[in-house]
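> take this sequence and fold it.
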Amino acid sequence: MTPSLHLWLLPLLPLAGFVLNGLWGRRLPQAMVSAIALLFPLAAFAQVLWICTQVSSFALPHVERFATPWIAVPGFHANFSFLLDQLTLVMLLVVTGVGFLIHLYSVGYMAHEEGYWRFFSYLNLFLFFMLTLVLAANFLLLFVGWEGVGLASYLLIGFYYTKDSAANAGKKAFIVNRIGDFGFLLAMFLLIAHFGTLSFASVFAAITAHPTMQGGVLTGIALLLVLGATGKSAQIPLYVWLPDAMEGPTPVSALIHAATMVTAGVYMIARTHVLFDRSPAALTVVATIGTATAFFAATVAVTQNDIKRVLAYSTISQLGYMFLACGVATYSMGVFHLVTHAFFKALLFLAAGSVIHALGGQQDMRTMGGLRKKLPVTFWTMTAAVLAISGFFPFAGFFSKDAILAATYMAPNGGKIFYAVGLFTAGLTAYYMFRLWYMTFFGAPRYTEQPHEAHAGHGHAHGVHESPWVMLLPLVVLGLLSLAGGWIGWPTALGGNDWFGHFLAPVFRDATANVQLLHAEPSAGLERMLSVVSMLAAAIGWFLADQKYRRKPLAPEEPKSAFSDLVAHKYWIDELYGAVVVRPLLAFSRVALAGAVESGIIDGTNRAWTRIAGAGSNGVRRIQSGNIRSYAGWLAAGAAAVLLIVLYFAHLY
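Numbers count the residues shown, from 1 in each chain. Just a heads-up that it's a prediction; the model follows:
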């Protein structure tokens with residue numbers, strides 16, 4: 001008999017933290033708020049570790065259903081059920097493990113902020129919805145978690161709600177994601193119409209039972225799901241919300257935009273791979289979007305001077321690699337990069353937060369420099385993350401990114417083009433990351449010893465110094481994971497056994513893939529050669545950054561070309577969206593909606609009811625005249641009316 005793992009406890013633990021701090025946190029001492037905020041995510045992580053020790057005793061996948069159906073109407077039902085398989089287990093480890101480290105870091109980073117209790121209640125709420133999303137056994141429950149993380153991200157991005165930029169960033173993230181969510185909703189409607197269910201198991205079984213089912217409606221569903229994924233995972237054309245989301249506190253960036261929310265789109269594509277395997281057209285769209293986004297975001301990151309915005313565009317670019325992996329039907333490699341990216345990108349954001357914390361809220365890299373001796377732990381841990389994301393052996397990013405590039409090289413239908421763009425983007429990644437590294441930690445200091453306070457918790461009376469241990473401990477743990485976390489996927493061509501790929505194989509091997517998607521595995525010699533080429537691309541990027549930002553002093557104003565100016569302004573995409581979409585909608589709402597709907601219908605209805613109420617009150621007022629003879633007359637009239645009604649009904653019966 002399959003043991004009960006009490007999966008329902010996993011999301012409820014952080015939900016309890018949200019309720020306790022949300023209701024009573026304002027009145028609790030800060031130490032108690034911290035204890036509540038940390039205890040429940042830690043308990044969830046501990047339960048996941050316990051589940052890992054139990055899974056060997058039974059066959060995955062493991063489904064736990066609650067006793068009663070969630071929705072039951074004629075022709076459709078949906079159970080509130082959780083699914084545990086190898087993919088779920090990987091995501092649970094990432095979400096709870098990295099999530100807890102970010103919670104711990106936040107205790108130090110947010111120590112002097114107003115609304116400390118509110119921040120942690122939102123953080124716990126986000127974890128609740130993300131765990132619901134990951135555990136869902138059907139599209140409907142996944143969509144609940146999907147919308148929930150959108151709500152929590154809106155609250156966290158706009159945490160500094162008194163700042164217009166933060167409030168606007170929260171609204172932008174919320175609205176842009178609604179566009180993608182509309183595609184997700186349409187996909188669910190099509191699934192109900194054609195399969196009569198939203199259960200993963202039932203839909204995938206129906207598809208697998210019909211080997212000839214290809215393209216058509218499956219392509220339509222897959223493309224609508226891709227639209228949803230581009231919103232959550234910040235891919236072209238719905239990536240514009242993520243750079244602005246850096247207005248939230250730095251731990252929010254690490255949690256939402258490195259380890260959890262932005263990976264939801266990649267997870268959803270991997271989870272629904274059976275649909276995509278039957279639609280080569282949809283997979284080509286996914287690969288094209290991923291490749292274009294990876295290159296586009298990398299070019300923008302090269303010109304950014306805000307340390308968090310560099311990392312934001314880097315996140316968009318790395319998510320593009322994950323989409324590329326899924327687009328060439330190597331889903332396990334996309335998930336592998338999701339895992340390693342969670343390690344080194346969370347570390348990059350937290351290390352950047354340590355720098356910002358030390359400099360009193362300063363985020364412009366042009367006012368940094370010379371910090372490696374002032375912030376030694378931050379420097380060395382961030383160095384590990386920079387080497388990992390750049391793809392240097394034996395750091396984590398090397399193994400995951402190299403696997404994606406090798407699989408892309410062997411893919412049919414444009415694989416070589418995708419590979420070339422991905423390889424060039426890898427060089428750009430190394431360049432802009434070492435640019436950040438040099439501008440932040442090397443050269444002459446370009447900051448003052450008495451930084452002004454951007455937020456209450458960031459000022460230091462005694463100058464620039466290292467962060468407290470509660471912030472440094474997560475950096476050290478993530479630094480070790482950025483170094484060794486990729487070894488779980490060490491390829492056989494380099495002497496390993498690719499444990500991660502073998503672990504996820506049961507999730508993806510049962511799909512009946514279209515013959516057009518099958519591509520040969522690279523030989524050991526070719527895979528080693530491709531590894532050398534990707535390392536060479538990273539080395540070239542490092543060399544160019546070293547030449548420009550270490551060997552030569554940083555110029556106050558660097559000469560700009562037309563192209564560099566275009567890239568520095570992010571290709572004017574935000575301005576284009578503003579001109580084509582935002583301003584016309586605002587004008588329409590002001591003229592058409594405000595004029596016709598608000599003034600005509602709403603105000604007109606209010607005025608009509610006002611007149612009706614006034615006329616009625618005038619009539620009733622005559623009854624209350626204060627005249628005894630008038631009251632007697634109304635009483636007689638009422639009695640006569642009642643008598644007539646009684647006589648009328650007596651006559652009928």
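> what are the phi and psi angles of Met213?
Dihedral angles of Met213 (phi, psi; degrees, to the nearest 10) stand at phi -70, psi 110.
> er, Tyr321 I mean
Taking degrees, to the nearest 10, you get phi -60, psi -40 for the backbone angles of Tyr321.
> what's the neighbour count on it?
29 (other CB atoms under 10 Å). The way it works is simple: take the backbone N, C-alpha and C, and place the C-beta from them, glycine included.
> surely it touches Leu423?
No. Contact criterion CB atoms under 8 Å: Tyr321 and Leu423 do not qualify, at 11.2 Å.
> can you give me the strands in this protein?
62-65, 71-73, 76-78, 81-84 (DSSP state E).
> which parts of the first one are buried?
Across strand 62-65, burial judged by 16 or more other CB atoms under 10 Å covers His62, Val63, Glu64.
> same question for the last one.
Neighbour-count burial for strand 81-84, with 16+ other CB under 10 Å as criterion, is recorded at Ser81, Phe82, Leu83, Leu84.
> closest one to Ala222 out of those residues, please.
Leu83 (20.1 Å; CB to CB).
> who does that closest one form a beta bridge with?
Beta-bridge pairing of Leu83 under DSSP bridges involves Val63.
> so it sits against Phe204, correct?
No. Using CB under 8 Å, Leu83 is not in contact with Phe204; the gap is 11.4 Å.
> can you pull out the helices in the stretch 501-650 of the chain?
524-549, 562-568, 573-577, 583-588, 603-623, 628-652 (DSSP state H, counting those that start in this stretch).
> from those, which stretch is densest packed?
Among these, ranked by average contacts under mean count of other CB atoms under 10 Å, first place goes to helix 524-549 (a mean of 17).
> next one: that one to chain centre, how far?
Computed by CA atoms, centre = their mean, to the nearest Å, the chain-centroid distance of helix 524-549 equals 30 Å.
> over to stretch 127-140?
On CA atoms, centre = their mean, the centre of stretch 127-140 falls 13 Å from the chain's centre.
> tell me which residues of stretch 401-413 are tucked away?
Judged by neighbour count (16+ other CB under 10 Å), stretch 401-413 contains these buried residues: Lys401, Asp402, Ala403, Ile404, Leu405, Ala406, Ala407, Thr408, Tyr409, Met410, Ala411.
> which residue packs closest to the fourth one, ignoring adjacent ones?
In this structure, Ile404 finds its nearest non-sequential neighbour in Ala325, 4.5 Å apart by CB to CB, 6 or more residues apart in numbering.
> which ones are touching the one you found?
By CB atoms under 8 Å, 6 or more residues apart in numbering, Ala325 lies in contact with Gly290, Tyr331, Met333, Gly334, His337, Ala403, Ile404, Ala407, Thr408.
> can you count the residues close to the third one?
Met333 sits with 29 neighbouring residues when counted by other CB under 10 Å.
> likewise for the fourth one?
In terms of burial, Gly334 registers 30 neighbours under the definition other CB under 10 Å.
> let me see the confidence value for it.
pLDDT recorded at Gly334 is 94.
> please apply the same query to the first one.
Looking at Gly290, its pLDDT reads 95.
> ditto for Thr492
86.
> again, but for Arg65
pLDDT, Arg65: 65.
> can you tell me which residues contact His569?
Counting by CB under 8 Å, 6+ apart, His569 has contacts Glu575.
> how far away is it from Phe393?
Going from His569 to Phe393 by CB to CB, to the nearest Å gives 36 Å.
> ok, Phe296 next?
Phe296 is 27 Å from Phe393, by CB to CB.
> who has more neighbours, the two?
Between Phe296 and Phe393, Phe296 has the larger neighbour count (other CB under 10 Å), namely 22 against 16.
> dump the residue contacts of that one.
Ile236, Ser317, Tyr571.
> most surrounded residue in those?
For the contacts of Phe296, counting by other CB under 10 Å, the largest number of neighbours falls to Ser317: 26 neighbours.
> what about that one, distance to Met91?
As judged by CB to CB, Ser317 and Met91 stand 22 Å apart.
> could you do Trp499 as well?
17 Å.
> more neighbours: those two, which one.
Met91 (26 against 12).
> and the helices of the stretch 501-650 of the chain as JSON lines, adding mean pLDDT?
As requested, those are exported to JSON lines (pLDDT from 0 to 100):
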{"stretch": "helix 524-549", "mean pLDDT": "92"}
{"stretch": "helix 562-568", "mean pLDDT": "70"}
{"stretch": "helix 573-577", "mean pLDDT": "77"}
{"stretch": "helix 583-588", "mean pLDDT": "72"}
{"stretch": "helix 603-623", "mean pLDDT": "72"}
{"stretch": "helix 628-652", "mean pLDDT": "75"}
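> need the ones you listed in a markdown table with distance to Leu28, can you?
A markdown table is the format used below for the helices of the stretch 501-650 of the chain (distance: least, CB to CB, whole Å):
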| stretch | distance to Leu28 |
| --- | --- |
| helix 524-549 | 47 |
| helix 562-568 | 46 |
| helix 573-577 | 41 |
| helix 583-588 | 42 |
| helix 603-623 | 44 |
| helix 628-652 | 61 |
